[in-house]
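K.L.:
sequence first, then the predicted structure, then my questions.
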Amino acid sequence: MGALLSFLAEQSWYSTQVAVDEIECSEEATDTAIENIDDAIASLENLRAVVETRAQVDVEELRSEVNELVATALSTSEVALVAQHNERFAISIASTNAALADSEETREIQDLAGPMEASRFTSISPHLTIKNKFVGK
């Protein structure tokens, strides 16, 4: 019976040592896993910072490009509108001056005042005001 107790004690001690070794290995593995997880978290945080920085740079670049395109489009539209307005304005002045030059009143003024003085009263100024055609009336 002593041999059986000694054998069981030895088996118990051996099983305990195996369990202790497994626990120590498990603790080391757990520590290593925790370190790896911490490293992974740090890498992800760095990656997030890089992505956020790049995204912000991309947004600023896009915003700048959009602003330039909008400014160009507005400038082009303004130029087109001004050109259209100027063309209409020039056509209006030319037709009004032509109508005045052909009118009977213009001929009478030219006969009375002479060509230089008559043109002062029969053309439209650049500000779209028609001057009095008849002096003294």
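P.N.:
Arrived safely.

K.L.:
tell me which helix or strand in the chain has the weakest average pLDDT.
P.N.:
helix 115-122 (a mean of 52; mean pLDDT, DSSP states H and E).

K.L.:
the most centrally placed residue in the chain and residue 72: what is the separation?
P.N.:
Here the mean C-alpha position of the chain is nearest to the C-alpha of residue 63 (C-alpha atoms, centre = their mean), at a distance of 2.7 Å. Distance check for residue 63 against residue 72: by C-beta to C-beta, to the nearest Å, it reads 15 Å. Heads up, the C-betas are built off the backbone N, CA and C, glycines and all.

K.L.:
show me where this structure has its helices.
P.N.:
Ranges of helices within the chain are 2-102, 104-113, 115-122, based on DSSP state H.

K.L.:
rank those helices by pLDDT, which is bottom?
P.N.:
Within the helices of the chain, the least confident segment by mean pLDDT turns out to be helix 115-122, at a mean of 52.

K.L.:
number of nearby residues for residue 93?
P.N.:
With neighbours defined by other C-beta atoms under 10 Å, the count for residue 93 comes to 15.

K.L.:
I meant residue 96, not that one.
P.N.:
15.

K.L.:
now swap in residue 88 and tell me
P.N.:
Summarising burial for residue 88: neighbours were counted as other C-beta under 10 Å, giving 10.

K.L.:
do the same with the one 3 residues further on
P.N.:
Other residues within reach of residue 91, judged by other C-beta under 10 Å, total 10.

K.L.:
gap between it and residue 85?
P.N.:
Distance from residue 91 to residue 85, by C-beta to C-beta: 11 Å.

K.L.:
which residues do those two both contact?
P.N.:
With contacts taken as C-beta atoms under 8 Å, 6 or more residues apart in numbering, residue 91 and residue 85 have no neighbour in common.

K.L.:
mind exporting the C-alpha coordinates of stretch 34-42 to CSV?
P.N.:
Extracted as CSV, the C-alpha positions of stretch 34-42 are listed here (Å, rounded to 0.1, in the frame of the first residue of the first chain):
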residue,chain,number,x,y,z
ILE,A,34,-1.9,41.0,-25.1
GLU,A,35,1.3,42.6,-26.5
ASN,A,36,0.3,41.6,-30.0
ILE,A,37,-3.1,43.1,-29.5
ASP,A,38,-1.6,46.3,-28.1
ASP,A,39,0.7,46.5,-31.1
ALA,A,40,-2.2,45.9,-33.5
ILE,A,41,-4.2,48.7,-31.8
ALA,A,42,-1.3,51.1,-32.0
